[in-house]
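Engineer: only geometry, no sequence info:
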């Protein structure tokens with residue numbers, strides 16, 4: 001009902017603007033009217049999606065965070081309202097999911113089942129209980145979430161595409177939304193997440209630095225994921241205890257080690273950038289890994305090509321960099337020379353943390369953050385044809401999440417050994 005109401009309101013705004021244009025003669029008036037219509041549509045969408053959950057809310061978050069430079073700032077300001085924590089759903093609604101998926105007998109086996117959510121997100125929420133003498137976390141999907149993904153994304157894509165048109169760009173968002181659809185449908189499949197969790201447990205079973213919950217197969221389904229409860233502090237809770245610099249650097253090193261293993265060794269990456277997916281255990285320090293719905297696989301061929309791109313970047317030969325990255329499809333060859341030069345500026349700037357002269361690199365470097373943001377904005381605003389690159393969109397979201405965590409920890413780490421191990425080529429000075 002909310003989706004129908006949203007479509008009706010957005011459509012009526014479009015119809016009203018079309019009628020105005022039939023009687024308007026001024027180009028400036030047309031442009032201004034069209035912009036106001038899109039901004040009003042964005043406001044309507046943000047209001048409705050904040051009441052909904054699932055794909056629409058998550059896609060709106062991604063657009064407002066990762067593709068913000070592509071759209072008018074007024075629209076992004078409105079969509080940014082979707083970044084807040086999702087409100088928990090009433091227990092009565094989630095109990096229905098448990099009964100439908102597990103049955104009354106298995107539901108009755110849970111002891112001390114808390115009706116208060118321990119955590120909530122856009123697709124589901126977590127409740128605590130005991131099962132066969134063990135503390136467990138029950139991740140329950142909101143009703144109807146999986147069925148709404150296609151319709152949610154369709155609505156958001158239509159308005160996002162129309163807002164892009166306002167900027168004079170001919171960027172096709174189809175591949176971006178196709179990738180969004182794939183990842184969101186994965187996240188809504190708790191059976192797949194259970195298998196992902198098992199694989200991470202297998203990959204890390206001999207590594208004492210990481211803890212992965214164990215799924216309880218007998219009490220899992222496509223919409224219910226029961227796993228062992230893991231104690232630990234959130235990153236924010238842990239930092240409030242004023243850990244030492246060496247402890248903060250230890251946690252930062254663990255996050256870097258994990259990303260290196262995921263992409264460069266396994267080709268299996270948990271791509272959700274939210275550092276809320278980590279818990280920290282103390283004495284000894286360990287990282288607890290949570291939420292494996294957005295785990296994506298990258299083929300050996302893709303990873304080898306990615307390393308070759310990094311090697312070309314290390315030469316600092318601008319013509320070679322632009323040619324290689326254009327051939328890889330990460331920037332449309334029709335873009336202007338200015339856009340390609342800005343793209344090269346962005347890539348070279350991203351290499352700065354790995355420069356030998358910058359070691360150990362301080363991740364809370366405000367000057368570097370400012371320059372990165374300014375170059376990124378200028379580059380994105382110069383684009384006419386290139387959408388956010390589908391091939392590396394979620395991979396680089398994860399990498400950005402690792403960088404954000406290291407910045408939050410306020411650490412200085414020598415990252416040159418990571419470059420040497422992953423790429424194996426010297427960065428030219």
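Structural biologist: Structure received. Computed from a prediction, not measured in an experiment: that's the story for all the values here.
Engineer: where's residue 128 relative to residue 111, distance?
Structural biologist: 11 Å (Cβ to Cβ, to the nearest Å). In this view, the C-beta of every residue, glycine as well, is placed from N, C-alpha and C.
Engineer: which residue sits closest to residue 322 in space, ignoring its chain neighbours?
Structural biologist: residue 340 (5.0 Å; Cβ to Cβ, 6 or more residues apart in numbering).
Engineer: so which helix or strand takes in the one you found?
Structural biologist: helix 337-350 (DSSP states H and E).
Engineer: And the next helix or strand past the helix or strand where residue 92 lies?
Structural biologist: Taking DSSP H and E as the definition, residue 92 sits inside helix 91-102. Following helix 91-102 in sequence order, the next helix or strand is helix 104-108 (DSSP H and E).
Engineer: pLDDT of that following helix, averaged?
Structural biologist: Here helix 104-108 scores 97 as its mean pLDDT.
Engineer: Can you name the next helix or strand after that helix?
Structural biologist: Going down the chain from helix 104-108, the next helix or strand is strand 119-120, by DSSP H and E.
Engineer: Now do the strands in this structure.
Structural biologist: Secondary structure of the chain (DSSP state E): strands located at 119-120, 124-131, 134-141, 210-211, 224-228, 268-270, 278-281, 286-289, 295-297, 361-362, 412-413.
Engineer: so what strands line up beside the third one?
Structural biologist: Sheet neighbours of strand 134-141, with direction, are listed as strand 124-131 (antiparallel), strand 224-228 (antiparallel) (DSSP bridges).
Engineer: Please apply the same query to the last one.
Structural biologist: Here strand 412-413 has these sheet partners by DSSP bridges: strand 361-362 (antiparallel).
Engineer: neighbouring contacts of the strand it pairs with?
Structural biologist: For strand 361-362, contacts defined as Cβ atoms under 8 Å, 6 or more residues apart in numbering pick out 353, 354, 411, 412, 413, 414, 415.
Engineer: How many residues are close by the residue nearest to residue 322?
Structural biologist: Residues lying near residue 340 (other Cβ atoms under 10 Å) number 22.
Engineer: and if you look at residue 288?
Structural biologist: So residue 288, with other Cβ under 10 Å, has 17 neighbours.
Engineer: pretty sure it is in contact with residue 279, am I right?
Structural biologist: Yes - counting by Cβ atoms under 8 Å, residue 288 sits close enough to residue 279 to count as a contact (3.8 Å).
Engineer: list residues touching both of those two?
Structural biologist: In contact with both residue 288 and residue 279: 230, 232, using Cβ under 8 Å, 6+ apart.
Engineer: quick revisit: the residue nearest to residue 322: what's it in contact with?
Structural biologist: For residue 340, the contact set (Cβ under 8 Å, 6+ apart) comprises 322, 326, 331.
Engineer: do the same with residue 249
Structural biologist: The contact partners of residue 249, by Cβ under 8 Å, 6+ apart, come to 409, 411, 412, 413.
Engineer: How about residue 185?
Structural biologist: The contact partners of residue 185, by Cβ under 8 Å, 6+ apart, come to 146, 149.
Engineer: so how far is residue 412 from it?
Structural biologist: For residue 185, the distance to residue 412 equals 40 Å [Cβ to Cβ].
Engineer: cool, and residue 395?
Structural biologist: 25 Å.
Engineer: higher neighbour count, the two?
Structural biologist: Neighbour comparison, residue 395 and residue 412: the larger count goes to residue 395, with 20 against 17 (by other Cβ under 10 Å).
Engineer: how about that one, what does it touch?
Structural biologist: The neighbours of residue 395, taking Cβ under 8 Å, 6+ apart as the test, are 263, 269, 271, 296, 298.
Engineer: so how far is residue 184 from the third one?
Structural biologist: As judged by Cβ to Cβ, residue 271 and residue 184 stand 12 Å apart.
Engineer: Same drill for the two, tell me which one is more crowded.
Structural biologist: Neighbour totals were compared for residue 271 and residue 184, and residue 184 leads with 27 against 21 (other Cβ under 10 Å).
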